[in-house]
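turn this into a model:
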Amino acid sequence: MNLWDETKSVPVSKEQVWLAYKKVRSNHGSAGIDQISMDEYDANRSRHLYKLWNRMASGSYFPPPVKEVEIPKKDGKIRKLGIPTISDRVAQMVGTNALNSKVCALCR
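As a prediction, the model looks like this:
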């Protein structure tokens, strides 16, 4: 059985990355483990987005570790929350948008 068609990477366009970045930017998230804030990310935005697009398009993208933050709960306990880097959030949004467009295409 040949699974080549099922395992090939899906083409990722620069436009997909740009649209995902705009969504992530509008959410005003905090810095991840790399400590790069949205303002710092924006200062070198084209470099960051090109690097992300290049790795996603070539199939060599691997997400970095997430920053672990403890959030207090109402009952006094804490829960752990993982905060991904901005680039990883953009990559996740590219995947989410691609999956949502495929699901929407099936609903038509």
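
skipping adjacent residues, who's closest to residue 79 in space?
residue 71 (5.3 Å; C-beta to C-beta, 6 or more residues apart in numbering). (Each C-beta comes from the backbone N, C-alpha and C, glycine too.)

over to that neighbour. Which of the three states is it?
strand (DSSP: H, G, I helix; E, B strand; the rest coil).

what of residue 82?
Assignment for residue 82 (three-state DSSP): strand.

pretty sure it is touching residue 68, no?
Yes: at 6.1 Å, residue 82 counts as touching residue 68 under the criterion of C-beta atoms under 8 Å.

Provide a list of residues in contact with the residue nearest to residue 79.
78-81 (C-beta atoms under 8 Å, 6 or more residues apart in numbering).

after the helix or strand of the chain with the lowest mean pLDDT comes which helix or strand?
Lowest by mean pLDDT, DSSP states H and E among the helices and strands of the chain is helix 4-7, with a mean of 53. Next helix or strand after helix 4-7 toward the C-terminus (DSSP states H and E): helix 14-26.

just checking, what packs against that following helix?
On a contact count with 3 or more C-beta pairs under 8 Å, 6 or more residues apart in numbering; DSSP states H and E, helix 14-26 meets helix 45-58, helix 86-107.

show me how far the very next helix or strand once past that helix is from its chain's centre.
Counting by DSSP H and E, the next helix or strand C-terminal to helix 14-26 is helix 38-43. Here the centre of helix 38-43 is set off from its chain's centre by 16 Å, with C-alpha atoms, centre = their mean, to the nearest Å.

any buried residues in helix 38-43, and which?
Under the neighbour-count criterion of 16 or more other C-beta atoms under 10 Å, helix 38-43 has 38, 41 buried.

could I get the average pLDDT for it?
Mean pLDDT, helix 38-43: 95.

can you spell out which helices and strands pack onto that helix?
helix 86-107.

could I have the helix it packs on exported to PDB, CA atoms only?
The C-alpha trace of helix 86-107 is given here as PDB (Å, rounded to 0.1, in the frame of the first residue of the first chain):
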ATOM      1  CA  ILE A  86       4.400  34.000  18.400                       C
ATOM      2  CA  SER A  87       5.800  32.100  15.400                       C
ATOM      3  CA  ASP A  88       4.300  28.900  16.700                       C
ATOM      4  CA  ARG A  89       0.900  30.600  17.200                       C
ATOM      5  CA  VAL A  90       1.100  31.800  13.500                       C
ATOM      6  CA  ALA A  91       2.000  28.200  12.400                       C
ATOM      7  CA  GLN A  92      -1.000  26.800  14.400                       C
ATOM      8  CA  MET A  93      -3.300  29.400  12.800                       C
ATOM      9  CA  VAL A  94      -2.100  28.400   9.300                       C
ATOM     10  CA  GLY A  95      -3.000  24.900  10.100                       C
ATOM     11  CA  THR A  96      -6.300  25.800  11.700                       C
ATOM     12  CA  ASN A  97      -7.300  28.000   8.700                       C
ATOM     13  CA  ALA A  98      -6.300  25.200   6.300                       C
ATOM     14  CA  LEU A  99      -8.400  22.600   8.200                       C
ATOM     15  CA  ASN A 100     -11.400  25.000   8.500                       C
ATOM     16  CA  SER A 101     -11.400  25.700   4.800                       C
ATOM     17  CA  LYS A 102     -11.400  22.000   4.000                       C
ATOM     18  CA  VAL A 103     -14.200  21.300   6.400                       C
ATOM     19  CA  CYS A 104     -16.200  24.300   5.000                       C
ATOM     20  CA  ALA A 105     -15.600  22.900   1.500                       C
ATOM     21  CA  LEU A 106     -17.100  19.600   2.500                       C
ATOM     22  CA  CYS A 107     -20.200  21.300   4.000                       C
END
